[in-house]
Structure formats: C-alpha cells, structure tokens
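Student: Quick check, what structure comes out for this input:
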Amino acid sequence: MKYISIMNFIRFHFLESEDGGDKLNENMYSIGQFSAMMELNKKTLRYYDDIGLFRPVLVDKNNQYRYYEE
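Tutor: Now for the predicted structure:
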C-alpha cells in the first residue's frame, strides 16, 4: 500500500484561469487516476473528502470533478 503525506491532501490551492475558471496544472490527477495510483477506491476518496479527512487540491466549479496532486 502506498502512503502520501497528509500535507499534500490538506493543502488547498486554486489556480484561476484568465476566464475565472479553474485551471489544472500538469501535476494534477483526476480522481480515477489518483485512486489507481494510490490503490484506493474512488468512493473512499469521495468519503474522505466528505468527512474532511483528505481533500482534493481542486474541485472544478462547473462539474464538481475532484483533482489531486502527489
């Protein structure tokens, strides 16, 4: 099982694009990509977000997709 620094999960930063929307950088992964890398279920990551244990770095304002960083 892989472990990630809690600081990487707790850290929140939102990158704003010129049109005011959220902007991804090359180090961000979709919830599906991140769950596969960490060998966790996507539902588990959503649950962790819901209870405030581990939060995504970015949640898209338009579609509510979650993005994570290593």
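
Student: Name the single longest helix found in this protein.
Tutor: As assigned by DSSP state H, the longest helix anywhere in the chain is helix 42-51.

Student: now the helices: where do they sit in the chain?
Tutor: Using DSSP H, helices in the chain cover 6-10, 31-38, 42-51.

Student: For the longest helix of the chain, name the packing helices and strands.
Tutor: Using 3 or more Cβ pairs under 8 Å, 6 or more residues apart in numbering; DSSP states H and E, the elements in contact with helix 42-51 are helix 31-38, strand 66-69. For the C-beta atoms, the positions are set from N, CA and C on the backbone; glycine is no exception.

Student: Deepest in the core, which of these is it.
Tutor: Sort these by mean neighbour count, taking mean count of other Cβ atoms under 10 Å, and strand 66-69 sits at the top with a mean of 20.

Student: what mean pLDDT does that strand have?
Tutor: The pLDDT scores in strand 66-69 average 92.

Student: same check, this time on stretch 43-56
Tutor: For stretch 43-56, mean pLDDT is 94.

Student: quick thing: my sequence starts at 77, can you match it?
Tutor: Sure, I'll start numbering at 77, so the last one becomes stretch 119-132.

Student: closest to Asp136 out of the helices of the chain?
Tutor: Asp136 sits nearest to helix 107-114 of all those, at 10.9 Å, using Cβ to Cβ.

Student: Extract the C-alpha trace of the closest one and format it as CSV.
Tutor: Output in CSV follows, covering the C-alpha atoms of helix 107-114 (Å, rounded to 0.1, in the frame of the first residue of the first chain):
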residue,chain,number,x,y,z
ILE,A,107,-10.0,11.1,-9.0
GLY,A,108,-9.8,8.0,-11.2
GLN,A,109,-6.1,8.4,-12.0
PHE,A,110,-5.3,9.2,-8.4
SER,A,111,-7.3,6.3,-6.9
ALA,A,112,-5.5,3.9,-9.2
MET,A,113,-2.1,5.3,-8.3
MET,A,114,-2.9,5.1,-4.5
